[in-house]
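Colleague: no FASTA, just this:
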Ligand SMILES: [Ca+2]
């Protein structure tokens, strides 16, 4: 490493370099989709090794059971209902095979809606703290130029701006959707391979200064293309599963294995650059598994407020700081990421901004219990609350009151047995909803 860095120095003149931070987010990866979370089919050797070299968490939740709002909480550290991005930014006409052209796409919701420009992103605070900031992969927080990462605190952007693409053509239902910076580009290659190239480039280019990399894969999400039968997984990863494997399962698992290999290449690079000991890496998913995805013992799947939609894998690795090979059942969420990264960077929280999480570094380090005791969800008319061991769900797919400490699969409704607990959770949910309603209005959905 060269000494040509603007990092602060100690009284003795030694450089004080805050840690690099890499946040890796998979797309629609279920709670039971990795070897280290009990999957015996999927090959995920590097993530399993990450868990062996760090700590794996079993009670980690996201703020919404699908992409856009869940990611809005990662970016802002706030409930979607507070930051205003509490539903999908999606051109639903594609569900009925409507084919947008450039002109109709340009005035569609996908093109015109985004994360409220008054929201402070993790990119902004990390850049203000002196970090090189990069996002590679899925942004999903607005496609118009004013919403793109370079205008939202990131120095470096390579990826797609909306909620999904074809892995090979990088089109979203026929519309070219890959960006470098503010420019749309077209190049050949599988999206995961391109994100791998870019992630390795970003780390190498910034090895001599603190960097924050948000690596947001679209794997193993289904492709946003009309032809759902088109192969989206490279043969070399499908072959891992052998000729006898169910083709649909092998295609899905191959996307995870390819992503896993990319993450392994990133760890190898950190090691080569001597950055292992000074880099906090967190791996998670934006929501529960769908389709061929597995959610282990959990009830429900993506788009639902049962645990299968909102509880996801989370692995944290920071050699020398986070214990090796531990499994933690501490209750944590993606809203803890924002304040945790700030704390690791030695940066102050943005003034006047209500954050819904807390610094979980002491929990990751195994030094403290989690401060989180409750969490609330709303997806359209579906509602859920978690208070301690109890979870209440009221949704189109069913509901009830469940004791997660003895019934992780949400099978036994305790509503009539424990009316007191039911009343407490409904009351806490209503108080949360009131707080959200009274928060400063935010677009694109509640800007009035
Ligand atoms: Ca997703």
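Modeller: Arrived safely, thanks for sending. None of the values given here were measured: they were computed from a predicted structure.
Colleague: So which bits of this structure are right by the ion?
Modeller: 27-28, 67, 286-287 (C-beta under 5 Å from the ion). (Glycine included, C-beta is placed from N, CA and C.)
Colleague: Could you pull up phi and psi at whichever residue of the chain sits closest to the ion?
Modeller: Ranking the residues of the chain by distance to the ion (C-beta to the ion) places residue 67 first, at 3.7 Å. Residue 67 adopts backbone torsions of phi -50, psi -70, taken as degrees, to the nearest 10.
Colleague: wait, isn't it in contact with residue 85?
Modeller: No: between residue 67 and residue 85 there is no contact under C-beta atoms under 8 Å: 10.6 Å.
Colleague: which one of those two has more residues nearby?
Modeller: residue 85 (32 against 27; other C-beta atoms under 10 Å).
Colleague: Would you check that that one makes contact with residue 74?
Modeller: No: using C-beta under 8 Å, residue 85 makes no contact with residue 74, being 11.1 Å away.
Colleague: quick one, strands of the stretch 51-200 of the chain?
Modeller: 55-57, 60-61, 132-138, 156-160, 171-172, 175-176, 178-180, 183-185 (DSSP state E, counting those that start in this stretch).
Colleague: For the fourth one, the averaged confidence score.
Modeller: Okay, so that is strand 156-160. Averaged across strand 156-160, pLDDT comes to 98.
Colleague: Residue 395 - nearest residue in space that isn't next to it in sequence?
Modeller: residue 382 (3.7 Å; C-beta to C-beta, 6 or more residues apart in numbering).
Colleague: and that neighbour, bridged to which residues?
Modeller: Judged by DSSP bridges, the bridge partners of residue 382 are residue 379.
Colleague: Quick one: residues contacting it.
Modeller: By C-beta atoms under 8 Å, 6 or more residues apart in numbering, the residues touching residue 382 are 304-305, 393-397.
Colleague: Can you tell me which of the residues you listed are buried?
Modeller: 304-305, 393-395 (16 or more other C-beta atoms under 10 Å).
Colleague: In CSV, list those residues along with distance to residue 373, pLDDT and secondary structure.
Modeller: Below are the buried ones among the contacts of residue 382 laid out as CSV (distance: C-beta to C-beta, whole Å; pLDDT from 0 to 100; DSSP: H, G, I helix; E, B strand; the rest coil):
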residue, distance to residue 373, pLDDT, secondary structure
304, 23, 98, coil
305, 18, 98, coil
393, 18, 98, strand
394, 21, 98, strand
395, 22, 98, strand
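Colleague: Next, give me the two most distant ones among those.
Modeller: 304 and 394 (12.0 Å; C-beta to C-beta).
Colleague: those helices in the stretch 51-200 of the chain, which residues are they?
Modeller: 67-76, 80-83, 102-106, 109-112, 122-128, 191-205 (DSSP state H, counting those that start in this stretch).
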